[in-house]
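Undergrad: what would the 3D arrangement of this be:
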Amino acid sequence: MLRWEEREGGRVIICSEYPILRQLVSTTRKLIQSSENYASKIFNAKLNEEDLILTKEQIIEESEGCDGILCSITDKLDSDTINKLPKTVKIISNFAVGFGNIDIKAAKDNKIIVTNTPEVLTQATAEINILLLLAAARRAKEGVNFAKEKNWKWSAEFLIGKQLTGSRLGILGMGRIGRAVADIARSFGMKIHYYNRSQLSKHLEMDAIYHKSLESLLKVSDFFSINCPSTKDTKHIINKNTIKHFPDGAIVTNTARGDIIEDDAMVEALKSGKIYAVGLDVYNGEPNIHPEYLTLPNAFILPHLGSSTKKTRTAMGDLAISNIEEFFKTGDCKNRVN
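TA: Presented below is the predicted three-dimensional model:
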């Protein structure tokens with residue numbers, strides 16, 4: 001299933017049965033080929049060529065004798081898994097900007113540093129966010145179905161949707177991705193409102209209007225973009241009680257994390273018309289999707305494509321590798337999250 005590669009000049013994962021004792025890194029998922037080539041030049045790389053999704057037990061087994069792990073958002077490294085990792089593991093490099101799949105406290109307790117891949121996926125994710133806004137507003141799911149059936153009849157009121165121009169866009173989480181979404185949305189003539197842990201500087205805020213509470217933001221959001229991290233405070237923050245504050249017929253998109261939305265409440269709002277449409281790229285328990293999102297005509301869904309461009313996925317892989325290299329060269333990494 002997994003293959004060992006040994007390269008001159010490398011510095012990562014190595015198992016004791018191999019004659020050249022250099023650090024060895026276990027890669028839990030297959031990367032873009034150029035990134036795997038890069039890893040093999042720097043480390044002794046243990047590659048998952050078949051791109052199998054490893055169980056927790058397999059992650060532990062495959063990391064035996066290793067100094068580092070390069071994992072992805074699909075790998076759930078909870079406290080039990082981390083506590084059972086070999087003591088040789090000193091770094092977990094996550095192939096993602098988020099790190100909710102890793103128990104950060106458990107890693108710290110085991111003296112393992114965790115890194116992520118910030119900044120490199122900002123623009124690609126923002127582009128998908130805008131796609132979701134447009135697709136939800138212009139009833140793209142229904143349109144595709146009509147086109148496939150080849151039996152639509154045009155009329156002046158056929159698939160009438162909503163227009164972004166001049167509408168108010170509320171952004172939950174005005175970090176790098178949120179600001180990139182705002183930049184693109186301005187080109188559509190949208191008016192930007194946001195709620196964040198703190199107000200941005202005037203330089204970053206530009207013409208956006210800051211709201212001191214989520215409720216205040218929701219009340220003015222004709223369109224609403226979720227771009228905040230998943231935390232104990234944001235889990236299911238969009239729920240039955242908060243949805244009622246939206247203007248009737250609001251449109252909601254999510255490219256952040258699925259657990260920010262309480263699905264049953266959102267489905268109910270979609271059926272009642274309180275929410276006009278949603279555009280989703282992330283889900284609770286993905287790849288398992290709430291079944292009603294699959295059938296509702298006003299739910300436009302994608303299979304977590306936010307960073308899915310060759311340029312971005314390559315940059316993410318290269319950064320995840322560079323994080324490990326930096327750690328073994330210096331003992332630290334600028335992208336560590338613990």
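Undergrad: contacts and neighbour counts: CA atoms only from here.
TA: Fine.
Undergrad: next up, the contacts around the residue positioned nearest the centre of the chain.
TA: Centroid-nearest residue in the chain: A256, 5.3 Å away (criterion: C-alpha atoms, centre = their mean). Neighbouring residues of A256 by C-alpha atoms under 8 Å, 6 or more residues apart in numbering: 226-230, 282.
Undergrad: ChimeraX command for the buried members of those residues?
TA: Of the contacts of A256, the buried ones go into a single ChimeraX selection, burial set by 16 or more other C-alpha atoms under 10 Å:
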select :226,227,228,229,230,282
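Undergrad: quick check: of the contacts of A256, which lies closest to G273?
TA: I226 (19.7 Å; C-alpha to C-alpha).
Undergrad: per-residue pLDDT, the closest one?
TA: Per-residue confidence (pLDDT) for I226: 98.
Undergrad: hang on, it packs against L172?
TA: Yes - with contact defined as C-alpha atoms under 8 Å, I226 counts as touching L172 (5.0 Å).
Undergrad: ok so, going back, so which of the contacts of A256 sit within strands?
TA: I226 (DSSP state E).
Undergrad: where do the strands sit along the stretch 151-300 of the chain?
TA: 168-172, 191-195, 209-210, 223-226, 250-254, 275-280, 299-301 (DSSP state E, counting those that start in this stretch).
Undergrad: got the contact list for stretch 73-88?
TA: Stretch 73-88 is touched from outside by 28, 53-54, 56-57, 60, 63-68, 94-96, 98-103, 106-107, 110, with contacts defined as C-alpha under 8 Å, 6+ apart.
Undergrad: show me the protein divided up by domain.
TA: 2-118+312-330, 122-301 (automatic domain parsing).
Undergrad: weakest of those by average pLDDT?
TA: Among these, domain 2-118+312-330 carries the lowest mean pLDDT (a mean of 86).
Undergrad: centre of the chain to that domain, how far?
TA: Here domain 2-118+312-330 shows a centroid-to-chain-centroid distance of 19 Å under the convention C-alpha atoms, centre = their mean, to the nearest Å.
Undergrad: same deal with stretch 134-151?
TA: 26 Å.
Undergrad: repeat for stretch 206-222
TA: 23 Å.
Undergrad: how about stretch 223-242?
TA: 14 Å.
Undergrad: what are the buried residues along it?
TA: Going by 16+ other C-alpha under 10 Å, stretch 223-242 has these buried residues: 223-230, 235-240.
Undergrad: and the residues you listed as TSV, adding distance to K87?
TA: Output for the buried residues of stretch 223-242, formatted as TSV (distance: C-alpha to C-alpha, whole Å):
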residue	distance to K87
F223	48
F224	45
S225	42
I226	38
N227	36
C228	34
P229	30
S230	29
K235	32
H236	36
I237	38
I238	40
N239	42
K240	45
